[in-house]
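# coordinates only, sequence not included:
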C-alpha cells in the first residue's frame with residue numbers, strides 16, 4: 001500500500017455476508033488479518049478447527065456461548081478468547097454479538113466438523 005506524504009494508510013473494508021451474519025475484512029496483511037464479525041442472535045458459526053491459523057477474538061458487543069475443545073461457556077463484552085491451531089471451536093450468539101478477530105493470514109484453513117448451513 002503506497003501513500004502520499006502526510007496520508008495515513010486506511011485500506012478499503014470488504015464485507016462478506018454469511019448465513020449467520022457478516023464478516024468485515026478490515027486488514028489483510030502478509031502476516032496478520034483483522035476482521036469484525038457480527039453474529040445474529042440465535043445463530044452460530046460452524047464447529048471447526050484450523051491446522052495452521054491462530055486467532056484471537058475480542059467481544060466488543062453482546063453475549064455468546066463458546067465451545068472451546070470440550071469446554072463450553074458464556075462470554076460477553078471485553079472478554080478475549082485465544083484459539084491455537086487444532087483447537088475445535090464455535091461461537092453462538094445469545095444476543096447479537098460483535099467480535100473483533102485478529103488472526104494469522106491462513107484464510108482458507110478451515111476444517112468444518114459440523115455446520116448448520118451444510119457448508120463443506
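Great, that's in hand. Computed from a predicted model, the values in this text were never measured in an experiment.
# list the contacts for the residue minimising distance to the centre of the chain?
The chain has residue 101 as the residue nearest its centroid, 4.7 Å off, counting by CA atoms, centre = their mean. Residue 101 makes contact with 33-37, 55-58, according to CB atoms under 8 Å, 6 or more residues apart in numbering. Backbone N, C-alpha and C define where each C-beta goes, glycine included.
# give me the beta-bridge partners of it?
residue 35, residue 57 (DSSP bridges).
# Go through the contacts of residue 101 and name the one nearest residue 16.
Distance to residue 16 across these (CB to CB) is lowest for residue 35, with 8.8 Å.
# Count the neighbours of that closest one for me.
Using other CB atoms under 10 Å, residue 35 has 22 neighbouring residues.
# what bits of this protein have low per-residue confidence?
The chain contains residues with pLDDT under 70 at 1-4.
# can you rerun that using 50?
Applying pLDDT under 50 to the chain flags no residue at all.
# Against residue 42, how distant is the residue nearest to the centre of the chain?
Here residue 101 is placed at a distance of 20 Å from residue 42 (CB to CB, to the nearest Å).
# Could you do residue 28 as well?
Distance from residue 28 to residue 42, counting by CB to CB: 29 Å.
# Then residue 61?
Where residue 42 is concerned, residue 61 sits at a distance of 16 Å (CB to CB).
# Could you do residue 23 as well?
Applying CB to CB to residue 23 and residue 42 gives a distance of 18 Å.
# so how many other residues sit close to residue 62?
Every residue meeting other CB under 10 Å relative to residue 62 is counted, giving 19.
# what's the closest non-adjacent residue to it?
residue 97 (3.4 Å; CB to CB, 6 or more residues apart in numbering).
# Let me see the contact set for that neighbour.
38-39, 59, 61-64, 91.
# mind redoing it with 10 Å?
Contacts here follow CB atoms under 10 Å, 6 or more residues apart in numbering; on that basis residue 97 touches 21, 37-41, 43, 57, 59-65, 75-77, 91.
# All set, thanks.
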